[in-house]
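Trainee: This is the structure alone, sequence omitted:
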Ligand SMILES: NC(=O)c1ccc[n+]([C@@H]2O[C@H](COP(=O)([O-])OP(=O)(O)OC[C@H]3O[C@@H](n4cnc5c(N)ncnc54)[C@H](O)[C@@H]3O)[C@@H](O)[C@H]2O)c1
């Protein structure tokens, strides 16, 4: 039987996504236990949550005080602290070996009836779950960045994931105020499978001099009604993240997913987009 009464959510990883998931969980009245490897990483994650909540509070976008929401989040470096959680979402680094180790640890620590989710962008749910005795309770709950702002969540169904687990994943995401869609466990799922070639083509179009950077983004924004063109979106996501996702798709699906040469060169130069101050655009 799957545990469907959820009060305490475990989050593995206190980085960009983990801290966002913790914030959204606490905002929707869940108690959250957020685990990372070092106390400083937890402190950084909590600081990110605090400043985001304060911003929302100043805009009167919160239904309770930011302090009260923040107090529902407990930070820890101990995997055992996840033992009381009713559901766990893993949002650690995008590495199959690390995720497999984390899920093996979670299987040892969490109750047998607890749903275990991964926030992976491109890795196979089935491969991650393959190291477990009970892979049927593993599902993808793929939040979008920034988690507190983005309305959508992709639910990814592994080869062994049961219908009950999939349904609970949709339901929990909905209680977090999100709208869900579902994807089979095929490389890149729906979003990254379509998004990454689009971004790479935008970069190739720029590299080949078809149009200027601004005209490529304007063309796509005004011509297809997307909120951000491919070059500004790549900068926003992080060029290293785009490259990593594109390489996984290329390995799995072949030539048509080959990363753009200029994407690789910019990552090698350390120009990763907004987070480093330079990508296709310069940032203050
Ligand atoms: N950033 C995005 O735009 C985005 C969007 C959707 C999904 N994702 C996915 O979410 C996951 C996390 O991405 P991120 O951008 O938050 O990465 P990040 O680098 O910001 O954070 C990852 C965190 O995981 C921690 N970590 C590593 N091993 C750990 C372990 N064994 N136990 C606990 N914590 C551990 C790291 O110390 C780090 O703090 C990845 O799988 C990524 O593909 C990212």
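Mentor: Received the coordinates, thanks. The model shown is predicted, which means the values in this text are computed figures rather than measured ones. Residues are numbered from 1 along each chain as shown.

Trainee: I'd like the mean pLDDT over stretch 70-87, please.
Mentor: Averaged across stretch 70-87, the pLDDT comes to 98.

Trainee: Test my guess that residue 187 contacts residue 121.
Mentor: No - between residue 187 and residue 121 there is no contact, the gap being 10.6 Å when judged by C-beta atoms under 8 Å. In this view, the C-beta of every residue, glycine as well, is placed from N, C-alpha and C.

Trainee: what about the two, which has more around it?
Mentor: Set side by side, residue 187 and residue 121 show unequal neighbour counts under other C-beta atoms under 10 Å, the larger going to residue 121 at 24 against 18.

Trainee: OK, contacts around that one?
Mentor: Residues touching residue 121, when contacts are defined by C-beta atoms under 8 Å, 6 or more residues apart in numbering, comprise 94, 142, 192, 241, 245.

Trainee: Would you mind listing what in the chain touches the ligand?
Mentor: 12-18, 35-37, 41, 91-94, 98, 102, 119-121, 145, 237, 241 (C-beta under 6 Å from any ligand atom).

Trainee: for the contacts of residue 121, which one is nearest the ligand?
Mentor: residue 94 (3.6 Å; C-beta to the nearest ligand atom).

Trainee: just checking, that closest one is part of a helix?
Mentor: No - applying DSSP: H, G, I helix; E, B strand; the rest coil, one finds residue 94 to be coil, outside a helix.

Trainee: Residue 41 belongs to a strand?
Mentor: No - when three-state DSSP is applied, residue 41 is found to be helix, with no strand at that position.

Trainee: which residue does the protein bring closest to the ligand?
Mentor: For the chain, the residue closest to the ligand is residue 15, as judged by C-beta to the nearest ligand atom, at 1.9 Å.

Trainee: What about that residue, how many residues nearby?
Mentor: When neighbours are defined as other C-beta under 10 Å, residue 15 has 15 of them.

Trainee: if I look at it, how far off is residue 121?
Mentor: Plainly put, residue 15 is 13 Å away from residue 121 if you go by C-beta to C-beta, to the nearest Å.

Trainee: Could you do residue 282 as well?
Mentor: When residue 282 is compared with residue 121 (using C-beta to C-beta), they lie 26 Å apart.

Trainee: that older thread, redo the contacts of residue 121 as a markdown table? Include pLDDT and distance to residue 227.
Mentor: Rendered in a markdown table, the data for those read as follows (pLDDT from 0 to 100; distance: C-beta to C-beta, whole Å):
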| residue | pLDDT | distance to residue 227 |
| --- | --- | --- |
| 94 | 94 | 24 |
| 142 | 98 | 19 |
| 192 | 97 | 17 |
| 241 | 95 | 18 |
| 245 | 96 | 20 |
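
Trainee: So which of the residues you listed are in strands?
Mentor: Within these, membership in strands is found for residue 142, as judged by DSSP state E.

Trainee: and the contacts of residue 121, which two are the farthest apart?
Mentor: Between any two of these, the greatest separation by C-beta to C-beta is 13.5 Å, found for 142 and 241.

Trainee: Neighbour count: these two, which is higher?
Mentor: Residue environment comparison for residue 142 versus residue 241 gives the larger neighbour count to residue 142, 27 against 20, counting by other C-beta under 10 Å.

Trainee: Please parse this protein into its domains.
Mentor: 8-184, 192-275 (the TED database).

Trainee: I'd guessed residue 207 sits against residue 262; true?
Mentor: Yes - taking C-beta under 8 Å as the definition, residue 207 is a contact partner of residue 262 at 4.4 Å.

Trainee: So which of the two has more stuff around it?
Mentor: The neighbour comparison of residue 207 against residue 262 (other C-beta under 10 Å) goes to residue 262, with 16 against 13.

Trainee: pLDDT at residue 284, what is it?
Mentor: With respect to pLDDT, residue 284 has a value of 83.

Trainee: What sits closest to it if chain neighbours are left out?
Mentor: residue 277 (7.8 Å; C-beta to C-beta, 6 or more residues apart in numbering).

Trainee: just residue 130 next, same as before
Mentor: residue 100 (7.8 Å).
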